[in-house]
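> Pasted the sequence and its predicted model underneath.
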Amino acid sequence: MNGRTTPKPSANSRNSRTMSPAIRKPQLPSALRDVTISSTSKPFLPAELLAVILDYLPVPELMSFARVSRRLQEMVYDDTRWVQKLRLMSAWDEVEARRRFEEALRRKAEAQRSKEAEGGGGGGGRRHAGSVTIFDAGVEEERFRRSMDQKPSSLKRTGTVEDGFEDLSITSPLSPSGPGAKPWDPQTALTIFRALRSIRGRARHEFAKLYGALAPLYSDLARSTNHSEALIFRTYRDPEQQAQILANLSRFALCDSLSSANQLRQQRLTSTMAIFHSAVLREFEQAYTANNTEDMTRYASVLYTLHPNGTAAQNAFINMHPIISHDTRVGNPLDCLDSVAQGHVDLTPSQRFFETLASTMVEQAEIIDQVFPPGVDVLTPFLERLCGGVVEGWLTALFDEAHSARGAETYCKAVSGTYGQSLRFVASLKPTAAAKTAHADFYLWAQQLITGTCYEKHVDLYLAEESALFRSRSAEIVSDWEKQQNEQEASTESFFMSGVDRKAAKRDFLSSFRKVVMMPVSVLPAFPLGSPFGSAKPAAVTSGSSMAAALESAAPSRSRTPTLSGSPGTPARPGTPVGTVEAPTTELAAKAAIMNSRLEGIKSLFSIEVALNLTHLAKTSIERAAGMVKMGGRQGQAAKEGCEGVFVELLKVLGERHVRGGFDKAVGHLSSYKPREMRKDGDGSGGVEPLVTFLELVNVGDLIQQMIEVFYVQELAGTGLVDRDDFLDPAVKEKKRFEQMLDERVAAGSNMGIDVLMEEVEFVMARTQLATDFNPGVGDEKGGRGGSNGVMDIGPSTTAQRVVELLAGHTGMLTGSTDKNMLDVFTQEVGLRLFGVVCKHIKRQRISVDGAIKLISDVNHYSSFITSLRQKPLLPYFQALRELGQIYLVHIEPPANSYFTANAKGKRASLFGAGGLVGIGGGTSTTAKQAKELASIIADSGRYCGVLTAEEVYEFAERRADWFAVRADVERGMYGQGCVVM
């Protein structure tokens, strides 16, 4: 079979059966050696199955199994089998084994190189000096053949030291089994695991040492009927040695096979260790009760020797503490809510609570370092039990009572206040050496522990309540302020309307209306234009004092607005002492008084005090919520978003509800302000009340904006709650929206304020500019220059001074309180509008040559004011106005026989003189020359910086007092009328 032949028995072989045994014996081995037995005639088990069987055999049976054949011996003696058993007991170090193997290879290589060096050089067949032959197939095959050729008797093993188990006595643990056996050593059994070495190829020998030291005790424990009769308790008396040997046996039992007998031995060992463990733990608890640190240290060491990873000792130490076991109660959480006002909490009891816990933890840390082994961390589980079983319950009782019975404000203060105290409690801890080793940052871990255990479940509710609390409190502050303002306004209105007789007011309505309508017409002065269609003698011009007296008599109920005692350019700011004045008796006067009181009280449209209260409220809320940011993770991010939400809500309440409404009301007052109706004085002194108030609001708004900016920088950006460079951050976006709202309101109010301011300027010019200012000779009976006394005042008129004072006072109020770009736009617009008003005012006047000096002085005064504004785009306009004054300064002599030439008595001559009709279409050469000079000044557009055209300048020239006399000559000089084309 299988390519092999089995020889048939021959005759000689059959005859050999009858031969004597002495003759057949030497022939049988040679015949058997010549015959190869078929593989099917000798069945055997596969190596994999044999390996599985060997895994279930105990060590004594393995030794017997190895004696069956050389093949089984090799399988039993395989080094990997014994390495596996050592690994089960954690007695094999692969790193050490690799290191020893590499050292052995290095020593062998060095020995081989030294041997080759001693043999001398030469020989082409010499191996490389650095090569080492670990396995040679030819050598191994020859060794196997020689072993198979040995006699069967030689297969019987003799006891050798290399086997590793021949020196052991398995049957009798106390006495040697033979003359060559070594006696069992109890001390070796205690330290056997420390004596083992990890050497490849000698794992069986190392296991033999371990087996020889522990197998007798292990077998005796299984045979003992009583735990007290066990060899380990009769041999070892100290608890430390008993714990050590039981721990060694526990490791040794891991390599035991899975048979039923072995399971019984393991159960017996487990029960013995449990009984011993209970006895030692009882001794430890008695020592803890007696506060005997020395005995606690001893029995804690025994327990950790018996179970290195056990927690019985630390559990007993923790559970028996009076605070953990609740035998001692540390304060009452409800004491924080007793004897306090609504919305407040007393944190003194909670402070005592955390201080007591801190002192307890410091004391326990010192005891732990003394009692427990250095590598055992007991402080960590102790703090976990303290936070989870004591602190968490104490704080939960406080928070629940505060939220349900005392309101959201008390709850928020309790959560934030106790969290700060808990962080100080963590900072006061003193970690043990083992706790420092167990945690890279002990204090960070402790903070995360108390946060996650005690506060994590309250964070979401706290942030929601904090936001709702700020929203409600801020709305309450604004509502109270608005209610107070409305009540004050209603009381003022009721006071002024209390003295009004409705029936009398209805009867007198028509006459009152006629007075109001006709009053401006009756007090306007008559301007003597020197018209040929007027009377022979012009009417006398009313002086300033007489006109003021006329205004006073026409409107006796109006009073002059007092000026502010301060800088001369600052507008007046009157007050209305309601309790010291009498109530008006007519409805018109009452409504006028109500309007005046509203103008005076417009500064209360929004209050910086309200803004300050809102900011303090937001600061308090953010400071409380900012403490939760230290939690980190999701809760820390939620707390940061809560702080941003409070800031956003602050800007919404302060901006949309408070500041924006105040600006809108101020702009409304500006739009409804009519200086000719509201002005109480006839000379136009004082300021524009709504504009003054609006500019005051701009100052207050600027202060509020600066307050918000400081608050944002210090409380949010400075503390890292907000990234100033993140333009998508909600707080940054809302802050920019708030600033934009302020700029828009200031711009809208400034535009409306400029309109009102220019209307006031026109009112001042119309009321205070006298006809004799620019035409001084019109009212002089002698016809001389300079008025009655012949003295010419070359300074600016009173009107120009008041206009400049009015403008300077109002524009100066914006300086330093608003953005420079906004201020530049405002001042430029004021300058342009002033230019238009001055041009319109000049076109209303009659200006003589003597009055041109006063006009030029006024224009220079306006130009100086514009120069002080430092706005270069405005300078060409007023340069054009200064050049425009030159057209009134040119003197033109009228014709001698002209109708417009006055006689010595100041009377006009007849239109038809002795020489016939004169002054029309002709004139003297002097008049024509002077008119031509004036025409050249009018037509020179370069003089006016491109601001005024020749046609516009011509319109201004029409306001000359002698225009009707020189018109023909001027037009002839400008347009060439009267010339003949040849």
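Received the coordinates, thanks. Numbering: from 1, shown residues only.
> Tell me where the stretch 51-200 of the chain has helices.
With DSSP state H, counting those that start in this stretch, the ranges of helices along the stretch 51-200 of the chain come out as 59-66, 70-76, 79-88, 94-119, 137-149, 186-190, 192-195.
> list the helices and strands the longest helix anywhere in the chain packs on?
As assigned by DSSP state H, the longest helix anywhere in the chain is helix 456-497. Contacts defined by 3 or more Cβ pairs under 8 Å, 6 or more residues apart in numbering; DSSP states H and E place helix 456-497 against helix 408-427, helix 587-600, helix 608-626, helix 633-651. (Glycine included, C-beta is placed from N, CA and C.)
> Could you export those as CSV, including mean neighbour count and mean pLDDT?
Listed next are these as CSV, based on neighbours: other Cβ atoms under 10 Å; pLDDT from 0 to 100:
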stretch, mean neighbour count, mean pLDDT
helix 408-427, 21, 92
helix 587-600, 18, 55
helix 608-626, 19, 88
helix 633-651, 20, 88
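> TSV please, covering the ones you listed and showing distance to Leu231.
Shown next, in TSV, are these (distance: least, Cβ to Cβ, whole Å):
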stretch	distance to Leu231
helix 408-427	52
helix 587-600	110
helix 608-626	68
helix 633-651	57
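> Can you say which of the ones you listed is nearest to Leu742?
Proximity to Leu742 (Cβ to Cβ) singles out helix 633-651 among the helices and strands packed on helix 456-497, at 10.7 Å.
> Buried ones in the helix or strand following the closest one, by neighbour count?
Next helix or strand after helix 633-651 toward the C-terminus (DSSP states H and E): helix 660-672. Along helix 660-672, these residues count as buried under the neighbour rule (16 or more other Cβ atoms under 10 Å): Arg660, Gly661, Gly662, Phe663, Lys665, Ala666, Val667, His669, Leu670.
> In CSV: the residues you listed, plus distance to Gln871.
As requested, the buried residues of helix 660-672 are exported to CSV (distance: Cβ to Cβ, whole Å):
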residue, distance to Gln871
Arg660, 30
Gly661, 33
Gly662, 29
Phe663, 25
Lys665, 30
Ala666, 25
Val667, 24
His669, 28
Leu670, 23
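> Which member of these is positioned nearest Val280?
The closest of the buried residues of helix 660-672 to Val280 turns out to be Arg660 (Cβ to Cβ; 78.3 Å).
> Contacts only, for the closest one.
Met741, Arg745 (Cβ atoms under 8 Å, 6 or more residues apart in numbering).
> quick one: it and Phe606, what's the gap?
9 Å (Cβ to Cβ, to the nearest Å).
> Ala405: what's it in contact with?
Each residue near Ala405 by Cβ under 8 Å, 6+ apart is listed here: Leu337.
> and with 10 Å instead?
Residues near Ala405 by Cβ atoms under 10 Å, 6 or more residues apart in numbering: Leu334, Leu337, Tyr411.
> The first one is in contact with Leu398, isn't it?
Yes: Leu334 sits in contact with Leu398 when judged by Cβ atoms under 10 Å, with a separation of 7.2 Å.
> Pull up the overlap in contacts between the two.
Contacts common to Leu334 and Leu398, judged by Cβ under 10 Å, 6+ apart, are Pro349.
> Export the buried residues of helix 660-672 to a markdown table and append columns for pLDDT and distance to Glu709.
Formatted as a markdown table, those follow (pLDDT from 0 to 100; distance: Cβ to Cβ, whole Å):
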| residue | pLDDT | distance to Glu709 |
| --- | --- | --- |
| Arg660 | 82 | 18 |
| Gly661 | 81 | 22 |
| Gly662 | 79 | 19 |
| Phe663 | 78 | 19 |
| Lys665 | 78 | 25 |
| Ala666 | 75 | 23 |
| Val667 | 77 | 24 |
| His669 | 72 | 28 |
| Leu670 | 71 | 27 |
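> Closest to Leu884 out of those residues?
Using Cβ to Cβ, the buried residues of helix 660-672 come closest to Leu884 at Leu670, 31.8 Å.
> what angle separates the host helix or strand of Gln706 from helix 633-651?
Here Gln706, judged by DSSP H and E, is contained in helix 689-711. Between helix 689-711 and helix 633-651, the angle comes out at 170 degrees (axes from the mean of the first three to the mean of the last three Cα atoms, to 10 degrees).
> Now do the buried residues in stretch 74-84.
By 16+ other Cβ under 10 Å, the buried positions in stretch 74-84 come out as Met75, Val76, Arg81, Trp82, Val83.
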